[in-house]
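# Generate a structure from the sequence data that follows.
(chains A and B)
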Number of protein chains: 2
Amino acid sequence: MPTLRLALSQVNPTVGDLDGNADLVRRWTRRAADAGAQLVGFPELMLTGYPVEDMVFRRSFVAASKAALDRLAADLAGDGLGELPVLVGYLDADGPPQVSVDAQPGHGARNAAALLHRGAVVATYFKHHLPNYGVFDEDRYFVPGDTLTVVRIGEVDVALTICEDLWQAGGPFAVARQAGVGLVLTINGSPYELNKDDVRLPLVRRRAAEAGATIAYVNMVGGQDELVYDGDSMIVAADGTLLARAPQFVEHLLVHDVPLPAAGEPTDPGELADGMRLVRRTVGSLPPAPAGPAAAGGVIEPVADEAEVWHALVTGLRDYVDKNRFPSVVLGLSGGIDSALVAALAVDALGPDRVVGVSLPSQHSSEHSRSDAAELAKRTGLDYRIEPIQPMVDGFLANLSLSGVAVENLQARVRGVILMALSNQEGHLVLTTGNKSELAVGYSTLYGDSVGGYNPIKDVWKTLVWRLAKWRNADAERRGQTPPIPENSIGKPPSAELSPGQLDSDTLPEYDVLDPILIGYVDGDLGRDGLIASGHDPAVVDKVLRMVDLAEYKRRQSAPGTKISIKAFGRDRRLPITNRWREHG
Amino acid sequence: MPTLRLALSQVNPTVGDLDGNADLVRRWTRRAADAGAQLVGFPELMLTGYPVEDMVFRRSFVAASKAALDRLAADLAGDGLGELPVLVGYLDADGPPQVSVDAQPGHGARNAAALLHRGAVVATYFKHHLPNYGVFDEDRYFVPGDTLTVVRIGEVDVALTICEDLWQAGGPFAVARQAGVGLVLTINGSPYELNKDDVRLPLVRRRAAEAGATIAYVNMVGGQDELVYDGDSMIVAADGTLLARAPQFVEHLLVHDVPLPAAGEPTDPGELADGMRLVRRTVGSLPPAPAGPAAAGGVIEPVADEAEVWHALVTGLRDYVDKNRFPSVVLGLSGGIDSALVAALAVDALGPDRVVGVSLPSQHSSEHSRSDAAELAKRTGLDYRIEPIQPMVDGFLANLSLSGVAVENLQARVRGVILMALSNQEGHLVLTTGNKSELAVGYSTLYGDSVGGYNPIKDVWKTLVWRLAKWRNADAERRGQTPPIPENSIGKPPSAELSPGQLDSDTLPEYDVLDPILIGYVDGDLGRDGLIASGHDPAVVDKVLRMVDLAEYKRRQSAPGTKISIKAFGRDRRLPITNRWREHG
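You can find the predicted model right below:
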């Protein structure tokens, strides 16, 4: 049985950075060549980054992506890497934009993969199954491919597939079996969701069984706006054996010697699954089989949920800040758990020198709100400042006749003005610190604590906020480091401190009651009856659902942040604002 | 040739208001019956409102829509209206949500129409062509129908179709010809775009020719978040003759006697277009042919573009405020043209008693900024107030060390805090007043003048702002009324007045240079080369494109507003924030 040394390049491209992404391919192909690889895979839409959304409609962008692909093929050859076949995702369009008198203008764009060899594109594949749920809109953007591409690489037949092709039964993997391939190389831009890695491995195993072939799965890594790609690249043998698996959230070159069946004479496969067609290509010459010991990529062990989420949030925040070229971030520190957690995430993502924390006490702020914030600053080493807001709040109160909630919100808004002024003056990105439970029930001030360009915990329920804080502190202790988050911030009852003695529990159910209802309603799309049937108190369900429905509008205004679940508030959750439908009694 | 008295009910439902929308159907069916109608049509997704977006995924909502349909059928019979066939759009699902181990959960939802007669659903049709561009995401939400429903109503064969079925060649209209129908009744939720009415009539004529049948087209009217439906319902004979056409932007019952061919014995149509199937249903009994003079719906004359846009903006604003149950609106009045235009729109939409205008002068505000705002208030009768901002601005400046843009933005943000405080205290919705040109180039202050829940002119280029102001004043003069907008607000050079002597033209090209570049780049998706080829100065193009690319982030934060073009900033324009692609040099 021939052995192919595969290299899966789990890298972090940036949307729109055609030159930078091509450079990434060249650098990692060099690393793969140095490791003796004979075939290299890069993620879905590697050259453009993913998702490119409505930039797909811009002809100049599609043309630039195709030109970048041709340049990359030539540059790889120029680098002396032409013998090594490289599979790379790019954006194609197979004709001029389609415009008829009747239909809306189309575009004919393709989510495409190209195999580069000896300075040229020797094979292409167009994604067959297009996802159109959650964050995905690919029916809007792409025309589906109807042809499986099988490339004879050396002695082995390799089928090329892209991402969603793996998530749906039938189609390319069934055709791959009919074509008798030994390997399916699948390139991916699969966003992280909590526990998605637990789903991926069984899925890849089912496809290996369906195709009767080894599956090499390479995924993107890094943050792109609200999405974070977790990598988790892997190789699974036809019998389901996990041969190699890369770590999550870091760039990684997974190099592994894979024994694969030598291809025989192609036979007529008969009628193909899903009405697909089949094309065959050949890459005759390869880098020689490497001498020396066999390459083994190793199998990474799964980590605890809290560790996984922590790395997702840190990755999403770091890439949002760095890819958008912000020098630093600023956030308000209330002494509470949410801002403490965001500060700890920011310090892990960027280092303490790039994080400014501002205590913004009012007359309602407790003594511990200042001391806990100061303690956090001391433990993490961030740039700590104090800006009392009362003089500015009093300026408004002297000129306007305000009472009740208007006065509470005013304090949050004065804080927002101060943080934005520091942003304008010093260049920081303002971080927002509302958790998903608060966002869901609208327990925040529009243009107040919702001010900011990015919210690392917008998809983190309050009960998970506490779990993450405890995990991060315990992890620090395990490493013999100072736990970053003051125990008092974790232990004290949550309060907005906008009026005397105020506690969250004055307005909201306790979070261990609230969160399960919200998770059922928001993430699970359970109705009122379903929630009550799950054992929740009907009166509490009605109260919570009423708050959620009223909060829809505020949610539309919230900053982007890292998505870790099926239903973050953002573009994967689309709801009308004007809407009279009410679940609650 | 038999004559059928058709009634097209161009009404204004609200998303989620199942009971209220059913009541609308009952009231308008009563009106149609009183007018002697023998067949009544209501818009697409009439019962749920449109678009319902991700509420489609909520099983309890789909179940409630189906239950509401059955209740409506019974209630119409109970009202004594059972003999009159009524076609109404609703949300269906033809089975339990589809969940497989591999695929993401689906739902099997249908964009459906039901023909109600004698207390029951006698025929249904599921939309065949699903739009998935611009504001539409129907591949995300619906399974396409594959069956044309033809109902023999009295002596006439009538095919049922829904909206996008009309916009694409082939499919239902081709099958309607094969089935030999006399009438196609098409129900629509077709959002307004500038000049779309000029496209619709030729389109309906092409479909009439394709089907070889009369087309009765009924469209929704009214505002739903960023969309506004313009009605424009019409009846076009098989030979292309426009028989009747309803006005735009108002609820209207279009009643017209239509001569239609009597149906013969159904013949075998052979293989049907687009792989569709055909079902036939019968409604044998109808209300009797009315005595007395023939009903003629009349043909409304087209109006000027400015009038059309004005009514679209007024409708969108009014429905956003009323459907969300805001008692009133508040906005800042700078004396400039944008806020003056928004104030005039708001007074037209809501009446002067529901509009609060606040002059918020700073030390940089000119004398005319106050006098022009006061003059506007006097002319329109809105509730006028003055809140000087300098004391509050000084409060921040005394406590923070700010300069340059940070000081400019501070003033805009203090204004935002004041408007939001008035909103909290008195219940007004805050209106935002940035035009599309400003939004496109980021010439606004995030959390400053961008504060607010709704922006009536977010899709109005600055040059169109001036045209609308002049049109509204001239229209008032034609009617012998006071022109609402002070001539000085129209004539003076635009300025943000955030620093001494500041003018827009210090930073931006003149608007008659800027707008054509923006229209080409944003609405037309032209690239840099295309813009230069159209004759624009390359240096100006590069400057403008640079501003637009930098402004992407701010745009994501902007308030919803009425969409009047293909590419408003909002959910129909999806762009990554983190993005390195740059057109400009």
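# Now find how far off-centre stretch A:464-480 is within its chain.
Remark: stretch A:464-480 is offset 22 Å from the chain centroid, using CA atoms, centre = their mean, to the nearest Å.
# what helix or strand does the residue in the stretch 101-250 of chain A that chain B sits nearest to sit in?
Proximity of the stretch 101-250 of chain A to chain B (CB to the nearest CB) peaks at residue A:139, 4.0 Å away. All C-beta atoms are positioned from the backbone trio N, CA, C, and that covers glycine. If you go by DSSP states H and E, residue A:139 is part of helix A:138-141.
# which bits of the stretch 201-350 of chain A sit near chain B?
For the stretch 201-350 of chain A, the contact set with chain B under CB under 8 Å from any CB of the partner chain comprises A:203, A:206, A:223-225, A:319-320, A:323-324.
# so when I look at residue A:414, I'm seeing a strand, right?
No: judged by DSSP: H, G, I helix; E, B strand; the rest coil, residue A:414 forms no part of a strand; its state is helix.
# May I have the strands that pair with the helix or strand that the helix holding residue A:139 is followed by, each with its orientation?
Downstream of helix A:138-141, the first helix or strand assigned by DSSP H and E is strand A:147-153. As defined by DSSP bridges, the strand partners of strand A:147-153 come to strand A:156-162 (antiparallel), strand A:277-283 (parallel).
# Show me what counts as buried in strand A:147-153.
A:148-153 (16 or more other CB atoms under 10 Å in any protein chain shown).
# picking that back up, contacts for the helix holding residue A:139, please.
A:52-53, A:56, A:107, A:109, A:111, A:127, A:130-132, A:164, B:132-133, B:137, B:139-140 (CB atoms under 8 Å, 6 or more residues apart in numbering or on different chains).
# Grab the CA positions of that helix and hand them over as PDB.
The C-alpha trace of helix A:138-141 is given here as PDB (Å, rounded to 0.1, in the frame of the first residue of the first chain):
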ATOM      1  CA  GLU A 138     -24.500  30.400   0.700                       C
ATOM      2  CA  ASP A 139     -27.600  30.000  -1.400                       C
ATOM      3  CA  ARG A 140     -27.500  33.800  -1.600                       C
ATOM      4  CA  TYR A 141     -23.900  33.800  -2.700                       C
END
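# Out of the strands paired with strand A:147-153, indicate the one that is most buried.
Across these, averaging neighbours per residue (mean count of other CB atoms under 10 Å in any protein chain shown) puts strand A:156-162 on top, at a mean of 27.
# From chain B, how far off is residue A:277?
Residue A:277 is 19 Å from chain B, where distance means CB to the nearest CB, to the nearest Å.
# Tell me the confidence at that residue?
Looking at residue A:277, its pLDDT is 96.
# now do residue A:225
At residue A:225, the pLDDT value in this model is 89.
# helix/strand/coil for the most centrally placed residue in chain A?
In chain A, the residue lying closest to the centroid (CA atoms, centre = their mean) is residue A:228, at 1.7 Å. At residue A:228 the chain is in strand, as set by three-state DSSP.
# What number of neighbouring residues does residue A:301 come out with?
7 (other CB atoms under 10 Å in any protein chain shown).
# I'd say residue A:467 and residue A:306 touch.
Yes: with contact defined as CB atoms under 8 Å, residue A:467 and residue A:306 form a contacting pair (5.7 Å).
# still on that earlier bit, quick check: bridge partners of the residue nearest to the centre of chain A?
Note on residue A:228: beta-bridge partners by DSSP bridges are residue A:223.
# residue contacts, it?
Applying CB under 8 Å, 6+ apart to residue A:228 gives the contacts A:191-192, A:222, A:249, A:312, A:315-316, A:319, A:562-564.
# Give me the contacts around stretch A:64-74.
By CB under 8 Å, 6+ apart, stretch A:64-74 touches A:18-19, A:21-22, A:25-26, A:47-48, A:88, A:90-93, A:114, A:116, A:119-121, B:581.
# Show me chain A divided up by domain.
Chain A breaks down by the TED database into domains covering A:3-99+A:107-282, A:305-556.
# Looking at these, which is nearest to residue B:5?
Residue B:5 lies closest, by CB to CB, to one member of the domains of chain A: domain A:3-99+A:107-282, at 39.7 Å.
# okay, how far is it across that closest one, tip to tip?
Length of domain A:3-99+A:107-282, first residue to last, CA to CA, to the nearest Å: 17 Å.
# sorry, back to before: model confidence at the residue nearest to the centre of chain A, what's the number?
So, for residue A:228, pLDDT stands at 94.
# gap between it and residue A:32?
Residue A:228 is 24 Å from residue A:32, where distance means CB to CB, to the nearest Å.
# List of residues touching the one helix or strand residue A:346 maps to?
In the assignment (DSSP H and E), residue A:346 maps to helix A:337-350. Applying CB under 8 Å, 6+ apart, the external contacts of helix A:337-350 come out as A:310, A:313-315, A:317-318, A:321, A:328-329, A:331-333, A:354-355, A:357, A:372-373, A:376, A:380-382, A:431, A:433-435, A:438, A:455-457, A:465-466, A:468-469, A:472, A:484-486, A:489-490, A:494.
# Just the mean pLDDT for that helix, thanks.
98.
# Just checking the distance from it to the centre of its chain.
Centroid separation for helix A:337-350 versus its chain: 18 Å, with CA atoms, centre = their mean.
# what does stretch A:248-259 give?
20 Å.
# where does the stretch 451-585 of chain A dip in pLDDT?
The stretch 451-585 of chain A contains residues with pLDDT under 70 at A:552-559, A:566-573, A:583, A:585.
# residue ranges for the helices of it, please.
Under the criterion DSSP state H, counting those that start in this stretch, the stretch 451-585 of chain A contains helices at A:462-478, A:487-491, A:504-507, A:511-518, A:528-533, A:538-556.
# Which PyMOL command selects the buried ones in the contacts of helix A:337-350?
In PyMOL syntax, the buried subset of the contacts of helix A:337-350 is picked out as below (16+ other CB under 10 Å):
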select buried, chain A and resi 310+313+314+315+317+318+321+328+329+331+332+333+354+355+357+372+373+376+380+382+431+433+434+435+438+455+456+457+465+466+468+469+472+484+485+486+489+490+494
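# can you tell me which of the contacts of helix A:337-350 are in strands?
Among the contacts of helix A:337-350, the ones falling in strands (DSSP state E) are A:329, A:331-332, A:355, A:357.
# Determine which two of these are furthest apart.
Using CB to CB, the two most remote members of the ones in strands among the contacts of helix A:337-350 are A:332 and A:355, lying 12.3 Å apart.
# Neighbour-wise, give me the winner out of the contacts of residue A:228.
Neighbour count (other CB under 10 Å) singles out residue A:316 as the most crowded of the contacts of residue A:228, with 30 neighbours.
# and residue A:307, what element?
Secondary structure assignment for residue A:307, by DSSP H and E: helix A:305-323.
# The worst-scoring helix or strand of chain A on mean pLDDT to helix A:511-518, inter-axis angle?
Using mean pLDDT, DSSP states H and E, helix A:538-556 stands out as the lowest-scoring helix or strand of chain A, at a mean of 84. Counting by axes from the mean of the first three to the mean of the last three CA atoms, to 10 degrees, helix A:538-556 lies at 70 degrees to helix A:511-518.
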